[in-house]
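> sequence and predicted structure below; questions after.
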Amino acid sequence: MRRTILPASALTGAAALTLALAGCGTDSGPAGPELSVSGAYMPQPVSADMAAGFLTITNKGGTRDRLTSVTSAVAGQVTMHSTVGGAMEEKTSFAVPAHGRLVFKSGGNHLMFERLKRKPEQGQRVTVKLTFARTGPLTVEMPVRSATYHPSTGN
């Protein structure tokens, strides 16, 4: 690991304190969350006011995180849901495990885009902002696929 050493005179009070505290740790502890998103898509909505969204969040880091909110300019509200045993339940957050994945897929966890401001059409992209408890937000471009699209077949 390469470290940069700055003279203490170059740092202001808060920066010096932050740097001093950062030096107190060791490199042997778990790495923070390292999040990435893959497989994002929205089936073309069949109604004018609601749509679903799916994606996978992968955490390669050694610390868990939590997805706490999702927003998009295309919808008045984006909510997160889980489906277990056929029952859908709205969630306020989802865990993203260390060295693991959080999967949003048809029939399971999913995003609901409510009060659509415009109906997304196949071939367009919808921008989504994912907010996490520990790491900064991630912005994702979600392609709009056919209403019957299934990721395992690509159709």
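Yep, that arrived. Remember, it's a predicted structure, so these values are computed and weren't measured experimentally.
> residue contacts, the residue nearest to G61 when sequence neighbours are not counted?
With C-beta to C-beta, 6 or more residues apart in numbering as the criterion, G61 has its nearest non-adjacent residue at 3.8 Å, and that residue is E34. Backbone N, C-alpha and C define where each C-beta goes, glycine included. Residues near E34 by C-beta atoms under 8 Å, 6 or more residues apart in numbering: 59-61.
> just P151 next, same as before
Under the criterion of C-beta under 8 Å, 6+ apart, the neighbours of P151 are 39, 41, 54, 105.
> thinking again about what came up before, between the contacts of E34, which has the most around it?
Top of those by neighbour number is N59, holding 23 neighbours under the definition other C-beta atoms under 10 Å.
> now the nearest residue to that one once chain neighbours are set aside: how far from L102?
Spatial nearest neighbour of N59, excluding adjacent residues (C-beta to C-beta, 6+ apart): V96 at 4.8 Å. Taking C-beta to C-beta, to the nearest Å as the measure, V96 falls 5 Å from L102.
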